[in-house]
Every structure is written in structure tokens, then in C-alpha cells.
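# I need the structure of the sequence given here:
(chains A and B)
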Amino acid sequence: MLYYIFKRVLMTIPVMVIVALFVFLMLRLSPGDPAAVIAGDYATAEDVARIREQLGLSEPIVVQFTKWLGQLAQGDLGTSIFSNKPVAELIAQRIEPTMLLALTTIIFSVLVAVPLGTLAAYRAGSWIDRVVMLFSVGGFSVPVFVLGYVLIYILSLNLKLLPVQGYRSPFTEGIGPFFAHITLPTLTLSVIFIALIARMTRASVIEVLEEDYVRTARAKGQSEFKVLMRHALRNAAVPIITVIGIGIALLIGGVVVTESVFNIPGLGRLVLDAVLARDYPIIQGLILFFSFIYIVLNLLIDLSYSLLDPRIRY
Amino acid sequence: MLSQIGKMSRRAVMAAALAVPLAASPFALQANAETVMRVIPHADLKNLDPIWTTAYISRNHGYMIYDTLFAMDENFVPRPQMVDTWTTSDDGLVWTFVLRDGLKFHDGAPVTGEDVVASLTRWGARDGMGQQLFGVIDTLESPDAKTIVMTLTEPYGLVLESIGKISSNVPFIMPKRIAETDPFEQISEYVGSGPFVFQADEWVPGSKVVYTKFEDYIPRDEPVSAAAGGKIAKVDKVIWQYFPDATTAMNALMAGEVDFYEAPAPDLAPILASNPDITVEVNDPLGSIGFARFNHLLPPFDNADIRRAAIMAMKQEDYLAAGIGDPQFWKTCYSVFPCGTPLENDVGSEVMATGDTEKAKAALEAAGYDGTPVVIMQPTDIAVLSAFSLVTAEKLRDAGFTVQLEAMDWSTLTSRRALKDPVGEGGWNMFHTWWIGADVIDPMAIAFSGNPEKGWFGWAEDAELEEARAAFAKAGSLEEKQEIGRKVQERLWAIGASGELGQFFTPVAYRNNVKGLIKSPVMFFWNMSVE
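Here you go, the predicted structure:
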């Protein structure tokens, strides 16, 4: 197992280098120029050229890439072209809201979706099953921003139960304000993940319920609850955990719409702002960061398989 | 203490743990007497150097923390701000400025003449008006701590207009050590002498900027008038909270979570106005001016008659209806200088006021258009400009042009418009933009340049135009300036420099407890209070 982990960790190095190269080239070869954005409407072509030179963008791509790799080797993700702040600091400022939103969403989704999916599987074909699947299809179909606006309209503007927007840190501003502000985005994001996890749980549990060992457990007189929890759900867990892991990765890297609708200063918005402004160091730093997170999450998911299923060994 | 905790029940420990952060929550702080104004600015403050960038949001940030020697009042007349007294020699070549008493930077250091010299020098290296002024400056010195002496090589009519200009780049005064930064590099320290102090530790790019009142700021005695007059900070703290989503920003204002919304989209204004707790009004008397810019270097727009034919096809009402919508937020204006400003006139504007497809068709035929496609860059991420591009495409097609619309984001457009290459190698024929009215109130604006070497993208060339602009810089009286303004306008329409698409106004929206809003083309937050 240790050898396996070591091998996987080593494998991250070439993956990260390839990602770095790909991202670097993709950005440099795509249209757009941060110098032109900085220079604005008043600039002459000479001004733009001078700014490009100051930013080091007029150097050959190979030189720029080598310099960037050198910085990375020293643990320096670079400095934002526009804000002049270190990219690591910008990521650090945004990581807490994104991580906590991902955490609350995934916890809430799992707590709702796994029992719903299991129940739907146990009562497959019944009205309960149909209601759960209807919800599931609905959850996939409603765009996140529509759901977000509807929840804001009902719970914030009309009932005045929750704030419209913003993020409050539980560490500096308290648990109460944190939950008040994170509830609506969590509910909004959870709908799609509940739909996804519930469907996966249902399909997986239905498959397991037809296995011989489930029949044997029932024949031995075990209660239906125990059959479901101890035999069916545990053996159905591998695909469910995979979906949850992918869900966490998506939540960390790709909730731009939710972050915008609820005005949460998270990583998704940082990516979008950086792309629109062509702030190369931020985009490069963030994509590397996301790649690293994806690799770590995949490793953790793979390791969890062996805990859930003793037949899987590395 | 540890043993006492050990005796507490688990529930009691959890309650205590929850109580600590809750006590520190904003709800618990409401009893604090600190007055805070929460503002949704028109854009995210990405950069803190208002000389390095021309972004309006950086300019507004500059006004929060820096002060200026002179400042424009509501009649566009420069008034002293940091300057107490000033004199001009009889020959107009020597200008002497004396600073007010008690001016201090936020770090406690006094503002000196050396700070002013360094700040103006840096600004003069980047700003167009600054470059022209420094073109006639022989020496700029500070003989003592409070005096600055500017010696010119020839009389110049725009000294005060230049150092008191209201919009980007504004000649803000910074400490000498900061102002000595290379003009093409960003400053890394943000110390001004303005009415608010920037809280660097609380700045989250893309989200939040915090300013606190500068207790040692000494405002002038005169009443506030646009950028001029006494700048009195009436709240302890101003928080700029950037909202990327317009609907969420509107909802936050309606829910009372913010006090002021600088630039709500015109289509949201009726919803905001229907809320009795919210006031929606136009605060900028000049608004913005839409521009359709031609590339004068490439066919078919290397021909003035073809450019004029294209302008004839443009009808301002159609652009403004498509891009802005509600007629209360726009008006047609055929003067190249914003309507309502001293240089507004109607010389030669018939070409823009035509708006007639048939006449445009005839003019195009007479000009000998050979069917060369017109490539219009369409920035789809900026709704107003995207709509302008679509209208132009339709108008030009109707007039007989072959049109190719190329969709892209604004960043791509800004880099591509700098290219002088043929269309097949990345070049372009047209793009749309807007200038805020304050930026185009006189012929010195780069938008009106007739010098392709130093001019704006599109590279118009006209010697007569440049002569008139040079004469404007030396003009003395308003009458003389207006006469030259008419000449400049006549040339701009004669060569078909750009299409002008009308004047439009972005409203502001605020809770009714916000008082003291200053009428101005630039948003200022002094004099405003939250009651």
C-alpha cells in the first residue's frame, strides 16, 4: 500500500509538468493581451509595447516558460499582473469560501441523497422510487442560477429569513453569520448533487440487492434494515464514493455561477476574472492548483476503495 | 482552568465554544457607533495605481486616497484643491504654486513641493494631456517645501486644465519615494493625502476594498462642486463590495445589505425605482458617448468618403434603443463634444444626423466601394458594445457594405485593435467603444487625434485637425476655445474619423438613508453620509 501511494505521488510530478506546459502554451497562443487591457483606450501602440516589455511578455515564449518553471521550483506561483499580489496569496484569500461551500454542499447532499437513493432502490418501482427519480431528473434540469434566484426571492427578499449574498468566515466572524450566509448557496448547489448521488446510489444498491449474499443474509433472518445497511449499501459504496469524489473536485474548481449569484469570493470567480483580464500568472497558478487537488482527490478515492471493499488491494 | 473545563458537561463546552465566535459576529457589533457606507462599485478594483492604468475604477480609487493640486468644478472650471495660491508671470511662462497649510500624507509626513514635482513628472510620462504639458515645460522645481515653480518654453493655455483634469489619468499627488517609481511599473505602496485611507490588509481583489476616514485631512472651506471644494468624509468607513452579477447586486440593495449601487444596468432601474426605499437617478451630467471607430489604414475605410457613407447609415436612436433601452437614460447628440459642455456645437454634424440608408447607399456608390468586406470586432462580453456592433452590421449591410462580424471577448478586442496589419493577418476594420463625457470635452482627447503616430487606434490622419488641436492648447479665452472647437469638429466630420452613437447615462441607485451625493461625471464618496 505504501509503495502504491509513493508511486502515485511520484506520478503527480510528470502530470503537473505536462499540465504546466499545456496551460502555458494555451494561454500564450490564445488571442488577448494583458498589456492591451492595462493600457486602456488612451494608449498608443508604443505604450502597449512598453507595458508588454515591462511585464516580460515580449520575451520569447521559451524564455518566459523557463523563468516560470524556475519560479515554480522555488514554490513561487508568480505575481498577478494587475493586482501586483502574489498568486499564492490570492488563492489563499479565496480557498476558504470555496472549500467550506464544497464541504457543506457535499455533506448535505450525502446526508439527503444516500438515504433517498437507498430507499428508492429498496422500493424500486414504487411511488417513492418514482418521486425520487422525478426529483433527480428535475435536479439535473433546473439551471443553478434559476434555482439560486428563486431561493433568494423566496427566502431572502420575501420571507427575510436569510441574507441575499456574501460570505462570512466562521473563524473570524462566527458560526451564526457563516451558516446564515452559506445556507442558500449550499441548498442551491446541493440539488444537482443530491440528484446525482441519489441516482447513483439507487442504481448501485439495486444491483447489489440482487446478489446471492443479500439473499443469504435475508435467509439467515437478518432484519431488512441490517440487510440494507450492512450488506447492500456497503457493497454498493464504491461507485457512490467515486461520484462523491468527482463532486468534490467539481465543487472546488467549477462553481463560478453559484459564486457569482451569491457573491461568494471563491476560486471559481478568481478563475473567471483572471481569464477575462488575461492575468496569466493567476490562471496558470490556479490550473496547477486545481490539477494538484484533482490528483490528491483521485488518490484518496482510490485508497478508500480498499477500505470499503477488502477484495481491492494495491 | 483546565480542570474546570474538565468538569463541564460536553453540551456546556459546545455552547461556550459557539458563544465566542457569535459574540464576535457582525450582529454583535451593531451597537458600535462606527458609520459604514457599503458601496457596489461599477467594476472590480484590480489595480491600485491610477497612473499605471487608465481604468476608471482605479481612478475612483485614486480620488479616495489621493488629492490633486487643482480639481474640476461642476462647470468644468479648474479650482484650487491642494494649492492655496498661485501666480502666473506676465509672459505666461512661469507658474508658481503654493500649497495649503497642514497637508499631510496618511503616514503622517507633510506634503511637500518635491512630492508634487515627482508626482507630476510620473503622470506626465503616461497621460496624454500630461505629455503635451511636459512638452512645453522647461523646468519643474520646488524651491521650498510649499512652493512649486513650473517654467514653460512657450505660453500654454491648458496648464490648470491639465493638472486639474477630472478623469484618467488624474495627476494625483503621491509621496516622492512612491512617485519615483518607473511610470511603466506599478507602485507597491498606497499612501496618499486624500480624505480616505486605503486598508491594504483588507483588500481582496475581485471582492472587497476598505477605506477608512483620514482624521488629519483638512478640507477646503468652499462648498463641494464636482471634484472641487471641501472634501468632507462623513462616514468612518467606506466598503466597496464588487458584485459580478447585476441581479444579485440589485437584490442586495433591495434587501438593505448595501447602501449604494454605482452602476445598475438600465434594464434593472425600473425594478429598483419601484422600491419605495430606493432612489434611482442620473448623477453624471455628461454620461458616456458611444463611438464606432474605423481603421483608417485599411480598405475600405482608408477612403474618407466611404467612412462618411458608413456614418450616414448610422442612426443614433437605433443604437441607443438597442444598447441602452429606456429612453430616459439616453439622448441623441451630434456634437463631437458632449452636449451640455462649453464646446458643444453643430458644425458639420449633418453627416451624423442623416441616419438614412438610401442616402448612405448613394454616397457609398459615389465613393466607389468595391465590395471589400468590413470586419467588425464584436465584444460579446459587453452587452452595450455587442448591441452596437450588431446594429452597425445591419446598418452597413442595408447600405450595401459586405460585413463580417467577428465575435470575441473585450480582452481579445483590446489586443487586436492595436494591430495595424491587414485583415487577413489579424487586422480589423471597425470596433465600438464609449468614452465617458469628461474624457472628450475638448479637442485634446486622444479620440480626436489626427496624428497616426501618436493617435488613437484607427490611426486617423489629418494635418488641419492637428493644427487646430495645437492651437487649442494655446488658446486663452472661452470664445477662442469654442471657435477652435468648431474647427476641430468640422475636420472630424469631414474626414469621417468615427461614428458617434449618442449620449447615454448610467443611473445610480441608493437607499434613501444615503445623503449628500455629488453631481459629477466621476463618482466621489466624500460628502456622503448614511443616516
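
# distance of the residue of the stretch 351-500 of chain B found nearest chain A from residue B:352?
Chain A sits closest to residue B:415 of the stretch 351-500 of chain B, with a gap of 3.3 Å, by CB to the nearest CB. All C-beta spots, glycine's among them, are computed from the backbone N, C-alpha and C. Relative to residue B:352, residue B:415 is positioned 29 Å away (criterion: CB to CB, to the nearest Å).

# out of these two, which sits in the more crowded spot?
residue B:352 (26 against 22; other CB atoms under 10 Å in any protein chain shown).

# which residue would you name as the spatial centre of chain B?
Residue closest to the average C-alpha location in chain B (CA atoms, centre = their mean): residue B:56, at 4.2 Å.

# which one is that one nearest to, not counting chain neighbours?
residue B:168 (6.5 Å; CB to CB, 6 or more residues apart in numbering or on different chains).

# point out where the chain drops to low pLDDT.
Went with chain A since none was named. A:41-42, A:254, A:314 (pLDDT under 70).

# that's the wrong chain, I wanted chain B
B:1-32.

# domains in it, by residue range?
B:40-261+B:510-530, B:288-504 (automatic domain parsing).

# gap between the two ends of the last one?
Using CA to CA, to the nearest Å, one end of domain B:288-504 lies 5 Å from the other.

# ditto for the longest one
From the first residue to the last, domain B:40-261+B:510-530 extends over 15 Å; the measure is CA to CA.

# residue contacts, the nearest residue in space to residue B:43 that is not next to it in sequence?
Spatial nearest neighbour of residue B:43, excluding adjacent residues (CB to CB, 6+ apart): residue B:57 at 4.2 Å. Residue B:57 makes contact with B:41, B:42, B:43, B:44, B:45, B:46, according to CB atoms under 8 Å, 6 or more residues apart in numbering or on different chains.

# mind giving me the ChimeraX command for buried ones among those?
Restricted to buried positions by 16 or more other CB atoms under 10 Å in any protein chain shown, the ChimeraX selection for the contacts of residue B:57 reads:
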select /B:41,42,44,45,46
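
# out of the contacts of residue B:57, the closest to chain A would be?
Looking across these and measuring by CB to the nearest CB, the closest to chain A is residue B:46, at 4.1 Å.

# a strand runs through that closest one, doesn't it?
No: using DSSP: H, G, I helix; E, B strand; the rest coil, the assignment for residue B:46 is coil, not a strand.

# tell me where the stretch 251-400 of chain B has helices.
B:269-273, B:304-313, B:316-323, B:350-353, B:357-367, B:383-399 (DSSP state H, counting those that start in this stretch).

# which parts of the shortest one are buried?
The one in question is helix B:350-353. Here helix B:350-353 shows B:351, B:352 as buried, counting by 16+ other CB under 10 Å.

# so how far is that helix off the chain centroid?
Relative to the chain's own centre, helix B:350-353 is displaced by 27 Å; criterion: CA atoms, centre = their mean, to the nearest Å.

# from the contact counts, what lies against that helix?
Contacts defined by 3 or more CB pairs under 8 Å, 6 or more residues apart in numbering or on different chains; DSSP states H and E place helix B:350-353 against helix B:304-313.

# which outside residues touch the helix it packs on?
By CB under 8 Å, 6+ apart, helix B:304-313 touches B:292, B:294, B:296, B:300-301, B:351-352, B:354-357, B:359-360, B:363-364, B:366-369, B:374, B:395-396, B:398-399, B:401, B:493-497, B:499.

# so which of the helices of the stretch 251-400 of chain B is the most packed in?
helix B:304-313 (a mean of 24; mean count of other CB atoms under 10 Å in any protein chain shown).

# tell me what angle that helix forms with helix B:383-399.
Calculated by axes from the mean of the first three to the mean of the last three CA atoms, to 10 degrees, helix B:304-313 forms an angle of 110 degrees with helix B:383-399.

# and the angle from helix B:304-313 to helix B:357-367?
170 degrees.

# can I get helix B:304-313 as PDB, trimmed to CA atoms?
Written as PDB, here are the backbone C-alpha positions of helix B:304-313 (Å, rounded to 0.1, in the frame of the first residue of the first chain):
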ATOM      1  CA  ALA B 304     -12.900  59.200 -46.200                       C
ATOM      2  CA  ASP B 305     -16.000  59.200 -48.500                       C
ATOM      3  CA  ILE B 306     -16.600  55.600 -47.600                       C
ATOM      4  CA  ARG B 307     -16.300  56.300 -43.900                       C
ATOM      5  CA  ARG B 308     -18.700  59.200 -44.300                       C
ATOM      6  CA  ALA B 309     -21.100  56.900 -46.200                       C
ATOM      7  CA  ALA B 310     -21.000  54.500 -43.300                       C
ATOM      8  CA  ILE B 311     -21.700  57.300 -40.800                       C
ATOM      9  CA  MET B 312     -24.700  58.400 -42.900                       C
ATOM     10  CA  ALA B 313     -26.200  54.900 -42.400                       C
END
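
# residues of the stretch 201-314 of chain A that sit close to chain B?
A:260, A:261, A:262, A:263, A:265, A:269, A:270, A:272, A:273, A:276, A:277, A:278 (CB under 8 Å from any CB of the partner chain).

# residues in contact with the first one?
Read it as residue A:260. Contacts of residue A:260 by CB under 8 Å, 6+ apart are A:269, A:272, B:244, B:245, B:248.

# got it, and the second one?
Taking CB under 8 Å, 6+ apart as the contact definition, residue A:261 lies against A:144, A:145, A:148, A:149, A:152, A:185, A:188, B:245, B:247, B:248.

# out of those, who's nearest residue A:33?
Taking CB to CB as the measure, residue A:33 sits nearest to residue B:245 out of the contacts of residue A:261, at 26.9 Å.
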